[in-house]
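[1] please work out how this folds:
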Amino acid sequence: MNIEDVYTKIEEQLDQNLPFVVYRKADSMTLHAIFQKNNQIYEVEDYTVSGFVFAPFSASDKTVIIPSEKSNYCNATISSQTISSEKRTSGKLADSFLVKPEIKKKHVELVKKGIKAIQSDRFKKVVLSRKEEVSIPNSFSNLHIFKNLIHHYPKAFVYLWYHPKVSTWMGATPETLIRVKNNDFFTMALAGTQSYINTTDVDWGEKELVEQEMVTSFVTNELSSIINNIKHSKTYTHKAGTLLHLRTDISGVLGNENSRIEKIIKVLHPTPAVCGLPKGEAKSFILATEEYNRKYYTGFLGELNMNKEGVVKSDLFVNLRCMELSDGKAILYVGGGITKDSDPEKEWEETVKKTETMKRVLF
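    Prediction:
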């Protein structure tokens, strides 16, 4: 299909209230589309099924799959007019995007609670988040916003996911949860944030370096019993839109029945980069103190056991830099890692920078 045919098909699915997902991987010019033929909800019962999976942060929400066998798959090449190098929008964001003082106060208080819990040795790190609603301009359709994401974020996994019985989600995430091709396994540790200002040759503070080391150690230690030949790269600076992060690549080989995807997901999700360490204590604190439901933010999504050209692949991503679209509003979800060295004001500023990823495409 050509790209315009895919866009037409998206509009048809929306008109008929039929589930679908369209997505483009980082550094790619291919748009993938999976169009479900009915409007049923299919939940993942085990991870041997094939399709596009959409999983929440917490088990209180459904893990939904658009099954390969109930859907039509197609792809198209994105024209060079649609995608270009990332550009920063000049000027200030619209006044309607300014955050109310009470939202800031609430988040700063939440971060202070997190730091206090760390100081009392409940956990070493916790990732605390918030949501923020902004109005979508009347002239902007979901497809229009998605095209903006493709244009602005060529180095992210960009998607538009719709299910009439769940919701509409869209995002541009920089973080891979797992990638499996045959027996080859890949994941990454991603932590630390600062603004991109013309260079990736930047200095990182002790807080960010320690946070990154925590994430890398957790992933390699936890997976070493189920992944063979596990190794990791040196930590380096990774550009994601208008932000920079610390990144470490981790790879290995699936050796036996113990390394089925379901077991790997159980070990990794939710990762320390979106939850904290130790994971159980951090997650309990999040559920008790954030005072809202993250839903699919910091969950994961992507291709599960999909057969392409005779090779079965899984390519799953952490659902970051995302928004839920509903009734003319975009609900933005954003957070940051808190350690003993965190500064509540700086943590607030980091969330503001992260929301700009989504606000730029709504501007």
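
[2] off-centre distance for stretch 343-363?
    From the chain centre to the centre of stretch 343-363 is a distance of 15 Å (CA atoms, centre = their mean, to the nearest Å).

[3] cool, stretch 29-46 as well?
    On the basis of CA atoms, centre = their mean, stretch 29-46 is displaced by 18 Å from the centre of the chain it belongs to.

[4] ditto for stretch 53-67
    For stretch 53-67, the distance to the chain centre is 14 Å (CA atoms, centre = their mean).

[5] apart from its neighbours in sequence, what residue is nearest the residue positioned nearest the centre of the chain?
    Nearest to the geometric centre of the chain sits residue 319, at 2.2 Å (CA atoms, centre = their mean). Among residues not flanking residue 319 along the chain, residue 299 sits closest, at 4.9 Å (CB to CB, 6 or more residues apart in numbering). Yep, even glycine has a C-beta here, placed from its N, CA and C like the rest.

[6] let me know the pLDDT of that neighbour.
    You'll see residue 299 listed with a pLDDT of 98.

[7] which residues touch it?
    54, 55, 56, 57, 61, 269, 270, 318, 319 (CB atoms under 8 Å, 6 or more residues apart in numbering).

[8] the helices in the stretch 151-300 of the chain, which residues?
    206-223, 261-268, 279-289 (DSSP state H, counting those that start in this stretch).

[9] same check on the stretch 1-150 of the chain?
    3-15, 101-119, 142-152.

[10] now do the first one and helix 142-152, the angle between them.
    Going by axes from the mean of the first three to the mean of the last three CA atoms, to 10 degrees, helix 3-15 is angled at 140 degrees with respect to helix 142-152.

[11] in helix 3-15, what's buried?
    Buried residues in helix 3-15, counting neighbours by 16 or more other CB atoms under 10 Å, are found at 3, 6, 7, 9, 10, 13, 14.

[12] the last one now?
    Judged by neighbour count (16+ other CB under 10 Å), helix 142-152 contains these buried residues: 142, 145, 146, 147, 148, 149, 150, 151, 152.

[13] between the residues you listed, which sits nearest residue 235?
    Taking CB to CB as the measure, residue 235 sits nearest to residue 152 out of these, at 26.2 Å.

[14] endpoint to endpoint, stretch 228-247 covers what distance?
    End-to-end distance for stretch 228-247, by CA to CA, to the nearest Å: 21 Å.

[15] tell me what the nearest residue to residue 200 once chain neighbours are set aside is bridged to.
    Distances taken as CB to CB, 6+ apart place residue 237 nearest to residue 200, at 4.7 Å, with adjacent residues excluded. Judged by DSSP bridges, the bridge partners of residue 237 are residue 246.

[16] from residue 119, how far out is residue 237?
    According to CB to CB, to the nearest Å, residue 237 and residue 119 sit 30 Å apart.

[17] so between the two, which is more surrounded?
    residue 237 (17 against 9; other CB atoms under 10 Å).

[18] surely that one touches residue 243?
    No. The criterion here is CB atoms under 8 Å, and residue 237 misses it with residue 243 at 10.6 Å.

[19] and the nearest residue to residue 138 once chain neighbours are set aside, how many neighbours?
    Leaving aside its chain neighbours, residue 138 sits nearest to residue 328 (7.5 Å; criterion: CB to CB, 6+ apart). For residue 328, the neighbour count with other CB under 10 Å is 10.

[20] can you get me a residue count around residue 41?
    12.

[21] skip the chain neighbours and tell me the closest residue to it.
    Leaving aside its sequence neighbours, residue 41 sits nearest to residue 165 (CB to CB, 6+ apart; 5.2 Å).

[22] phi first, then psi, for the one you found.
    For residue 165, the backbone dihedrals (degrees, to the nearest 10) come out as phi -100, psi 0.

[23] just the CA coordinates of stretch 117-124, formatted as PDB?
    This file holds the C-alpha atoms of stretch 117-124, laid out as PDB (Å, rounded to 0.1, in the frame of the first residue of the first chain):
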ATOM      1  CA  ALA A 117      11.000   7.300  52.100                       C
ATOM      2  CA  ILE A 118      14.500   6.800  50.600                       C
ATOM      3  CA  GLN A 119      16.200   8.400  53.500                       C
ATOM      4  CA  SER A 120      14.300   6.000  55.800                       C
ATOM      5  CA  ASP A 121      15.700   3.100  53.800                       C
ATOM      6  CA  ARG A 122      12.300   1.900  52.300                       C
ATOM      7  CA  PHE A 123      14.000   1.800  48.800                       C
ATOM      8  CA  LYS A 124      17.000   3.200  46.900                       C
END
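
[24] thanks a lot, catch you later.
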